[in-house]
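In: Can you look at this prediction? I've put the sequence above it.
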Amino acid sequence: MYENDKFHEECGVFGIWGHGDAAQYTGIGLTALQHRGQESSGVAVSEAGQIRCVCCSGVTTNLMADSAFKALSGRIAIGHVRYSTVGSSQLSNAQPFVMEGPHGQVALCHNGQIVNFEDLKMELGRLGATWLTSSDSEVVLQLCRVSKQPTLMDAIVESLARIRGAFALLILAKDELIVARDPYGFRPLCLGMLGNAVVVCSETCALDAVGARYLREVEPGEIIVINGAGIRTVRKCPSPERAYCVFEHVYFARPDSYVFGDHVGSVRMKIGHNLAAESPAEADIIVPIPESSMWAAIGYQEKTGLPLRMGLVRNSYVGRTFIEPSVPLRESSRRLKLNPVPSVLAGMRVVLIDDSIVRGETIARIVEIVRSAGAREVHLRIGSPPVVASCFYGINTPTKAELIAARYPVEEIQEMVGADSLRYLSLNGLLDAISTNRSHYCTACYTGNYRVRPPGLPQAEEGYVHANDLAVVHVAGAANNSELTQGK
């Protein structure tokens, strides 16, 4: 129920060079990154000059239980957890992808989204490319395959120069690991050390999981090769400006991770502080919607002094693909995923904290659940601005026509979801919670201002501003841009 009305996590990547148990450690690292994707998991290893790959549908624990995975050996490995943004969720699109080319076998993992994918795909089709998947990630390998450059590294550099959009890439070759991040730095990527082994992953929580120490971030525009000679920056592409995804701090990243130089949990607590300062409520208790709004609720409690109570309990063991064939069963499944605690909620004026509203359907059900448990009033407080535009940088978002805040002002949304009051955090309040330079962040989902504009997307035009001085402008045009948001 709950996750269906959220921006879906994009993907997570993990790689290790120079460890005797590379595949097993990659499985552990991917398990720590599981929140970034649950559709499929995969690991590729290089052993004796050959790349072997095992993928499976679902979570990484399924993969690690597979006998084929247990048989993987080698000192270099890359792995991937996936939630589709371009390309269907079928197993053929599971990563890593492996391809034979003029420079031998290579395997690839990608977190992000290539906005000029269709143009490149048409061009490569004219050159005779045969596509193995429907994923945009494959375009990197296809560009390398047709490149006339003399070495694999030269082919990778040439290929990445053709790509527009977001990418955090791991490429596995015979005896080296190649790492690349797009010049804007949309997606996080970091380096660590595990003894003499080098680890690269999407979030620092994966470094913690394998016992590695943090070394540094992969810089935007940086291409790194890791081999027997050590860690070497091959190229640093010009970075015209930074565009870190602010939604990593709002929802995606684990609260124990450091992302873009900030501790995610601390940012979320500051979000709660700012939300309380901007939008206090006459209430008795604060109730977070588990799990991602917990830290913001703690911050709200610290600022207001209202007691924080666990009025909703989430069942972590109910999967995202729970079968709901009839209305009674749908209602039962919702209760399985999120259940109220009447002894906490009955007779109370509740401040209900959530991190975001996307379509608005689920939050309306949650407000109804809280009221059904006896809450006297429900005051909804959202730890981010209204989402008015789709993302094209590696997040599976609804079309603009499906975004409730792109169609209705706050007062109408409040009525539609059944809250006694509804307030969003302002964009300034969100950016103030981050210690790094606010100009380094992409806020396109809140403003419609895209750093890298997808082909065919109209320019943002100034429209009406949301209530409560939210400083969020609606984007005119493209009321339904579904042709630009075909699932990854």
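Out: Great, that's in hand.

In: Check the gap between Leu430 and Lys148 for me.
Out: 46 Å (CB to CB, to the nearest Å). Where C-beta positions appear, they are placed from N, C-alpha and C, glycine not excepted.

In: Looking at the two, which has the bigger crowd around it?
Out: Using other CB atoms under 10 Å as the criterion, Leu430 and Lys148 rank with Leu430 on top: 26 against 8.

In: Verify the assumption that that one is located in a helix.
Out: Yes. Assessed with DSSP: H, G, I helix; E, B strand; the rest coil, Leu430 lies in a helix.

In: what's the neighbour count on the residue nearest to it when sequence neighbours are not counted?
Out: Nearest residue to Leu430 in three dimensions, chain neighbours excluded: Ser384, at 5.7 Å (CB to CB, 6 or more residues apart in numbering). Number of residues near Ser384 (other CB under 10 Å) recorded here: 27.

In: State the distance from Ser384 to Arg423.
Out: 12 Å.

In: can you check Glu291 too?
Out: From Glu291 to Arg423 the distance is 22 Å (CB to CB).

In: more neighbours, those two?
Out: Shown here are Glu291 and Arg423; by other CB under 10 Å, Arg423 has more neighbours (21 against 14).

In: Just name whatever secondary elements the longest strand anywhere in the chain is in contact with.
Out: Looking across the chain with DSSP state E, the single longest strand is strand 104-114. If you count contacts as 3 or more CB pairs under 8 Å, 6 or more residues apart in numbering; DSSP states H and E, strand 104-114 packs onto strand 11-17, strand 40-47, strand 50-57, strand 76-82, strand 97-101, helix 138-146, strand 165-172.

In: could you dump those to a markdown table with distance to Asp256 and mean pLDDT?
Out: Shown next, in a markdown table, are the helices and strands packed on strand 104-114 (distance: least, CB to CB, whole Å; pLDDT from 0 to 100):
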| stretch | distance to Asp256 | mean pLDDT |
| --- | --- | --- |
| strand 11-17 | 15 | 96 |
| strand 40-47 | 21 | 94 |
| strand 50-57 | 26 | 94 |
| strand 76-82 | 17 | 95 |
| strand 97-101 | 30 | 91 |
| helix 138-146 | 31 | 91 |
| strand 165-172 | 19 | 95 |
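
In: Please identify the most buried of the ones you listed.
Out: Of the helices and strands packed on strand 104-114, the one with the most neighbours on average (mean count of other CB atoms under 10 Å) is strand 76-82, at a mean of 32.

In: re the thing from before, right, and the helices and strands packed on strand 104-114 - which one's nearest Ile413?
Out: Closest to Ile413 of these is strand 165-172 (CB to CB; 29.0 Å).

In: Could you count how many residues lie near the nearest residue to Ser40 once chain neighbours are set aside?
Out: In space, and not counting its chain neighbours, Ser40 is closest to Ala94: 3.7 Å by CB to CB, 6+ apart. Applying other CB under 10 Å, we find 24 residues neighbouring Ala94.

In: what sits against Ala94?
Out: Contacts for Ala94 (CB atoms under 8 Å, 6 or more residues apart in numbering) come out as Glu39, Ser40, Ser41, Gly42, Cys55, Cys56, Ser57, His80, Arg82.

In: Max pairwise distance over the residues you listed: which two?
Out: Maximum distance among these (CB to CB): 13.0 Å, for Ser57 and His80.

In: shared neighbours of the two, anything?
Out: Ser40, Ala94.
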